[in-house]
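> from the sequence below, what's the structure:
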Amino acid sequence: MIDLHGRLDLVRCTACSATTRREDFQSELARLNLEWMNLTAVALPDDDADLDHLDFSEFAVLACGSCGGIQKPDVVFYGEGVPRDQVSAAQVALEEVDAMLVVGSSLMVYSGFRFA
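Numbering: from 1, shown residues only. Take a look at the predicted model:
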């Protein structure tokens, strides 16, 4: 199986590519920002929340434990490119199979559609 656009259960460092389980990342983030855990916010249709009225200056952001870099969910966001190693792995796998099963995609973006 190839997660072409990444996995939400992982967090990846943008500098060194080290990964952390999202659950562990969230737990540590909550521990460092206990006062934020009691915050109530209405979820918007995209599951984000409107927090523009809050002061984030005291919010502790976790740096990568390996290199101190910036971490983000291990997914390709709109406007980002699919990592070359993922594309290469998908191309190699496609050459070795007789059929392909696509799960969880509308194939409306070229990065996935081109393989079909």
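
> tell me which stretches of the protein form strands.
Using DSSP state E, the strands of the chain run over residues 6-13, 19-21, 71-75.

> tell me which residues of the shortest one are tucked away?
Along strand 19-21, these residues count as buried under the neighbour rule (16 or more other Cβ atoms under 10 Å): 19, 20. (C-beta placed from N, C-alpha, C; glycine too.)

> need the strands of the chain in TSV (columns: mean pLDDT).
Compiled in TSV, the strands of the chain are given as follows (pLDDT from 0 to 100):
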stretch	mean pLDDT
strand 6-13	93
strand 19-21	95
strand 71-75	94
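
> switch the ones you listed over to TSV; also include distance to residue 43.
Formatted as TSV, those follow (distance: least, Cβ to Cβ, whole Å):
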stretch	distance to residue 43
strand 6-13	16
strand 19-21	23
strand 71-75	17
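
> so what touches the worst-scoring helix or strand of the chain on mean pLDDT?
Every helix and strand in the chain was compared by mean pLDDT, DSSP states H and E; the lowest is helix 110-113, with a mean of 76. Residues outside helix 110-113 that contact it (Cβ atoms under 8 Å, 6 or more residues apart in numbering): 4, 5, 76, 81, 82, 87, 102, 105, 107.
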